[in-house]
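**Student:** Got a predicted structure plus its sequence, pasted below:
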Amino acid sequence: MSKQLNIVYFAWVKERLGRDHDIVDCPDGIGTIGELLEYLKDKEAVYRDVFSDTERLRFALDQDFVRLDATFDAAKELAIFPPVTGG
Amino acid sequence: MSKQLNIVYFAWVKERLGRDHDIVDCPDGIGTIGELLEYLKDKEAVYRDVFSDTERLRFALDQDFVRLDATFDAAKELAIFPPVTGG
Amino acid sequence: MIKIRILEDDFDAGSEISQLAGLGGGAVASFVGQVRGDGSLSALELEHYPAMTEKALRKIADSADQKWDLHGVTVIHRIGRLQLGEQIVLACTCSDHRQAAIEACSYIMDQLKTVAPFWKKEIMQDGTENWVEERQSDIDAASSWDH
Amino acid sequence: MIKIRILEDDFDAGSEISQLAGLGGGAVASFVGQVRGDGSLSALELEHYPAMTEKALRKIADSADQKWDLHGVTVIHRIGRLQLGEQIVLACTCSDHRQAAIEACSYIMDQLKTVAPFWKKEIMQDGTENWVEERQSDIDAASSWDH
C-alpha cells in the first residue's frame, strides 16, 4: 500500500519548481529520500531539472535535518531546500 | 644632582601607605625602580612593610607599564599599585 | 531561561540585552547581525521554514546551555524584507563568566548559520535577485566546535 | 572610530551598540560586565589611575583595530561605587564579519582585565572590605593572544 507524504520546498527549490509543496503517493519499495527523488525525476521533467544535483540540496524529515540516504518510515513531512544562509 | 620624582599609589598600596602620593628627591646612583624601592625602604618603616614583596606590585612610568628593573631616566611620574582587577 | 523569537518587525537589542542581564550573571555577551550595504545591494528578503525554525533555534540554544554554564540565552531572527542597515539577528547570552558568555554567543551564531532554516535572497539596486550561497567559512566555523 | 569613556554614571548599552551599528558593518559584538551578587557582597568600589586609564584603554582599542578589520570600537568603564546588578564595563566592536567582531570584543575584555589601571574593592554586607586579587585565568586569557 502506498503512503502519502507532504513535500515542502523553500528558496530557489520552491521558485524553480513553481510551487511550495506537493502531496505525493509514495509507492511501495521506495524507502529513502534518494529513491523518492529518482521516482519523482522519472515522473516529471521539472523534478529532473531542479533535483539534478543533490549535492546542492538539503533535507529535513518532520523538521529534523537528515541526509539523502535517510529512510522516511512514518515521517509525515519532507522538506527539500538549498543550504541555509540565515544569521 | 638629585632629581625629583612624583610617586603615585593606588588601591591597597595607597591605603597601607596612608597617602596617595610622595614627592621624592632621588639621589644620584639610583636609576631603576628596584633601586628606588630599596632606597625608600631604608628611609621609612612603612615602605619596608608595603614594598616588602615586589611580586605583588606593578609599576608604571609616565603612565606606561614597566617592570621593576626599568630605569626612570627623564620620567616625571612613577605609579606603584597592585595587579589591576578591572573589567 | 531560553527565549526564541522569529519576527517580521524590528527588535530592540538594548532592551533584550538588559532583560537577559537582569537574570543576574556577571557577564552578558551579544551579537547583532545587520544588512550590510554591499555595493549594489538594495534589500534582503529572508525566507524561513515556519514549522521548523523555532525548533532548530531552540535546539541550538539548548546545546549552548549544555556546553556552558549560562543563566539565559536569547535568540531573535527576523524574516521578510529587510532594508540596508536593518537588524537581522540577535544572539545574547548571560553567564557568571565572560569567556562562557562570549564563547556561547559565538557558538550560537556559528550553528545558526548552518542549521537554522533561513534563506537570504539579495535584491539588487537594478532589480535582479540572487539567492545567497552558503559559504565554506561558515561550514568550517560551525564544525570547529565538534570536538 | 574609537570611543573611550570613563564614567561614574551608568551608561545605556543599547544606545552605544546601536551607535556603533550605525557605522555600517554587518556585525556588532558586545560584552557587558556587571556586579554579580556573589553571596555576601554588598557593593563594589572601582578605583582607577585617572592620568593613565584613557591612554591604556585607547591602546587596547587601537591594538584590536590593527589585529582585525573593524569599523569601530567602543569601550566604557565605570568608576566609583557600584551596587549589585549595576553595569561595570562595555566593550563593543563593529566589523563586516562576525568572527572579527566577536574575537576583537573578546580580546579587548581579556586585555582590559590585565592592563587597564582599575582596582576593585569588594564591600561586604557585614561591612568588611577586600581588594579583589588578580586571577591566573585572566592572565592566561590575556596571554593567549600573544602569537
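**Tutor:** All right, it came through fine.
**Student:** And the residue of chain A that's closest to chain C?
**Tutor:** A:Gly86 (2.6 Å; CB to the nearest CB). C-beta coordinates here come from the backbone N, C-alpha and C atoms, glycine included.
**Student:** Reduced to three states, what does that residue come out as?
**Tutor:** coil (DSSP: H, G, I helix; E, B strand; the rest coil).
**Student:** Mind pulling the model confidence for residue 17?
**Tutor:** You didn't pick a chain, so chain A it is. Note on A:Leu17: pLDDT of 98.
**Student:** not what I meant, chain C
**Tutor:** Value listed for C:Ile17 in the pLDDT field: 96.
**Student:** That one touches D:Gly14, doesn't it?
**Tutor:** Yes. C:Ile17 is in contact with D:Gly14 according to CB atoms under 8 Å; the separation is 6.4 Å.
**Student:** which one of these two has more residues nearby?
**Tutor:** C:Ile17 (23 against 17; other CB atoms under 10 Å in any protein chain shown).
**Student:** and that one, what are its phi and psi?
**Tutor:** phi -60, psi -40 (degrees, to the nearest 10).
**Student:** give me every residue that touches it.
**Tutor:** C:28, C:30, C:92, D:13-14, D:17, D:30, D:32 (CB atoms under 8 Å, 6 or more residues apart in numbering or on different chains).
**Student:** Please tabulate those in a markdown table, including the columns secondary structure and distance to D:Ile108.
**Tutor:** Output for the contacts of C:Ile17, formatted as a markdown table (DSSP: H, G, I helix; E, B strand; the rest coil; distance: CB to CB, whole Å):
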| residue | secondary structure | distance to D:Ile108 |
| --- | --- | --- |
| C:Val28 | strand | 15 |
| C:Ser30 | strand | 14 |
| C:Cys92 | strand | 18 |
| D:Ala13 | helix | 15 |
| D:Gly14 | helix | 19 |
| D:Ile17 | helix | 14 |
| D:Ser30 | strand | 10 |
| D:Val32 | strand | 13 |
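**Student:** Pick the one among those residues closest to D:Glu45.
**Tutor:** D:Val32 (19.6 Å; CB to CB).
**Student:** who does the closest residue to the closest one other than its chain neighbours bridge with?
**Tutor:** Excluding the flanking residues, the one nearest D:Val32 by CB to CB, 6 or more residues apart in numbering or on different chains is C:Val28, at 4.4 Å. On the basis of DSSP bridges, C:Val28 is bridged to C:Cys94, D:Val32.
**Student:** show me the contacts for residue 45.
**Tutor:** Defaulting to chain A. By CB under 8 Å, 6+ apart, A:Ala45 has no neighbours at all.
**Student:** my question was about chain C
**Tutor:** C:80-82, C:120-121, C:123, C:129.
**Student:** got these as TSV, with neighbour count columns?
**Tutor:** TSV is the format used below for the contacts of C:Glu45 (neighbours: other CB atoms under 10 Å in any protein chain shown):
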residue	neighbour count
C:Gly80	12
C:Arg81	13
C:Leu82	20
C:Lys120	20
C:Lys121	18
C:Ile123	17
C:Glu129	13
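**Student:** nearest to C:Ala141, of those residues?
**Tutor:** When the contacts of C:Glu45 are compared against C:Ala141 (criterion: CB to CB), the nearest one is C:Lys120, at 16.9 Å.
**Student:** And the residue nearest to D:Val32, how far from D:Ala100?
**Tutor:** Taking CB to CB, to the nearest Å as the measure, C:Val28 falls 20 Å from D:Ala100.
**Student:** And these two? Which one has more around it.
**Tutor:** Using other CB under 10 Å as the criterion, C:Val28 and D:Ala100 rank with C:Val28 on top: 29 against 21.
**Student:** Can you name the residue of chain A nearest to chain B?
**Tutor:** Minimum separation of chain A from chain B (CB to the nearest CB) falls at A:Gly87, amounting to 28.2 Å.
**Student:** Just list the residues touching that residue, thanks.
**Tutor:** By CB under 8 Å, 6+ apart, the contact set of A:Gly87 is C:33, C:77, C:88-89, C:109, C:112-113, C:116, C:118, D:98.
**Student:** at 10 Å what do you get?
**Tutor:** Taking CB atoms under 10 Å, 6 or more residues apart in numbering or on different chains, we find A:Gly87 in contact with C:31, C:33, C:77, C:88-89, C:91, C:108-114, C:116, C:118, C:120, C:138, D:27, D:98.
**Student:** what's the overlap in contacts for C:Ile17 and D:Gly14?
**Tutor:** C:30, D:30.
**Student:** and stretch A:63-74, which residues are buried?
**Tutor:** A:63, A:65-66, A:70, A:72 (16 or more other CB atoms under 10 Å in any protein chain shown).
**Student:** now what about that stretch, what contacts it?
**Tutor:** Residues outside stretch A:63-74 that contact it (CB under 10 Å, 6+ apart): A:3, A:5, A:8, A:26, A:30-37, A:54-55, A:57-62, A:75-79, A:84, C:49-56, C:59, C:114-115, C:117.
**Student:** what mean pLDDT would you report for it?
**Tutor:** pLDDT averaged over stretch A:63-74 gives 94.
**Student:** What's the end-to-end length of it?
**Tutor:** Chord length of stretch A:63-74, first to last residue, is 13 Å (CA to CA, to the nearest Å).
**Student:** Check stretch C:20-37 too.
**Tutor:** Criterion CA to CA; first-to-last residue distance in stretch C:20-37 is 30 Å.
**Student:** average pLDDT across that stretch?
**Tutor:** 94.
**Student:** now it: how far from the chain's centre is it?
**Tutor:** 10 Å (CA atoms, centre = their mean, to the nearest Å).
**Student:** Please point out which parts of it sit buried.
**Tutor:** So, applying 16+ other CB under 10 Å, buried residues of stretch C:20-37: C:20-21, C:25-36.
**Student:** For the residue minimising distance to the centre of chain C, list each beta-bridge partner.
**Tutor:** Centroid-nearest residue in chain C: C:Val89, 4.2 Å away (criterion: CA atoms, centre = their mean). Using DSSP bridges, the bridge partners assigned to C:Val89 are C:Gly33, C:His77.
**Student:** List the contacts of it.
**Tutor:** Neighbour list for C:Val89: A:86-87, C:11, C:31-34, C:46, C:57, C:75-78, C:108-109, C:112-113, C:116, C:118, D:27, D:98 [criterion: CB under 10 Å, 6+ apart].
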